[in-house]
Each structure stands twice: as structure tokens, then as C-alpha cells.
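Colleague: any chance you could fold what I've pasted below:
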Amino acid sequence: MKQIKAQMAGIVVQLLVKPGDAVNEGMEVLILESMKMQIPVPSDNSGKVSKIHVSKDDFINEGDTILTLE
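Modeller: Numbers count the residues shown, from 1 in each chain. Okay, the predicted model is just below:
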């Protein structure tokens, strides 16, 4: 199991993947709003999405787990 973690704090604007989706390293998995800018968050691993730990409009902190890959 690999976990994708937030690299900065912000609000989840849009989830770009769902459980069961295949993800490649570098693929954008969600859009985060921070300091009034929308920032795409890439995956730093490849795998299949097994669990998403955040929802749209959630505030997340740097280091929070966004999703788990199998």
C-alpha cells in the first residue's frame, strides 16, 4: 500500500480519481485551492486507488493522507 500525501495545506476543490481507478506516477489526482490559486496535485506513485481519504470542500494540511494506492 502506498499513500499519497498533501504537499501543502488547502481546500479540496475537485477529486480527479475514484476508487478502482488506475493511477500513474505524475498523474493529477485532485485540485487543491491554496491562497486563491488552484493547484493540481500529482501522484508520486503508480497503482490502483483503494481508498480516498478526503472529500470535496475538505480543508487538508500539509502531510495529510489524500489517498491510498494498492
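
Colleague: show me the contact partners of stretch 29-41.
Modeller: 4, 6-17, 23, 28, 42-43, 54, 60, 66-67 (Cβ atoms under 8 Å, 6 or more residues apart in numbering). Where you see a C-beta, it was placed from the backbone N, CA and C, and this is true even at glycine.

Colleague: mind checking which of those residues are in strands?
Modeller: 4, 10-15, 23, 28, 42, 60, 66-67 (DSSP state E).

Colleague: how far does the helix or strand harbouring Lys48 sit from its chain's centre?
Modeller: Per DSSP states H and E, Lys48 falls inside strand 47-52. Distance of strand 47-52 from the chain centroid (Cα atoms, centre = their mean, to the nearest Å) equals 10 Å.

Colleague: same question for stretch 28-43.
Modeller: Distance of stretch 28-43 from the chain centroid (Cα atoms, centre = their mean) equals 8 Å.

Colleague: what of stretch 25-33?
Modeller: For stretch 25-33, the distance to the chain centre is 6 Å (Cα atoms, centre = their mean).

Colleague: could you tell me which of the contacts of stretch 29-41 count as buried?
Modeller: 4, 6, 10, 12, 15, 17, 23, 43, 54, 60, 66-67 (16 or more other Cβ atoms under 10 Å).

Colleague: would you turn the residues you listed into JSON lines with pLDDT and distance to Glu33?
Modeller: Formatted as JSON lines, the buried ones among the contacts of stretch 29-41 follow (pLDDT from 0 to 100; distance: Cβ to Cβ, whole Å):
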{"residue": "Ile4", "pLDDT": "95", "distance to Glu33": "18"}
{"residue": "Ala6", "pLDDT": "93", "distance to Glu33": "12"}
{"residue": "Gly10", "pLDDT": "97", "distance to Glu33": "5"}
{"residue": "Val12", "pLDDT": "98", "distance to Glu33": "8"}
{"residue": "Leu15", "pLDDT": "97", "distance to Glu33": "13"}
{"residue": "Val17", "pLDDT": "97", "distance to Glu33": "18"}
{"residue": "Val23", "pLDDT": "96", "distance to Glu33": "21"}
{"residue": "Ser43", "pLDDT": "95", "distance to Glu33": "19"}
{"residue": "Val54", "pLDDT": "97", "distance to Glu33": "13"}
{"residue": "Ile60", "pLDDT": "97", "distance to Glu33": "11"}
{"residue": "Ile66", "pLDDT": "96", "distance to Glu33": "14"}
{"residue": "Leu67", "pLDDT": "96", "distance to Glu33": "18"}
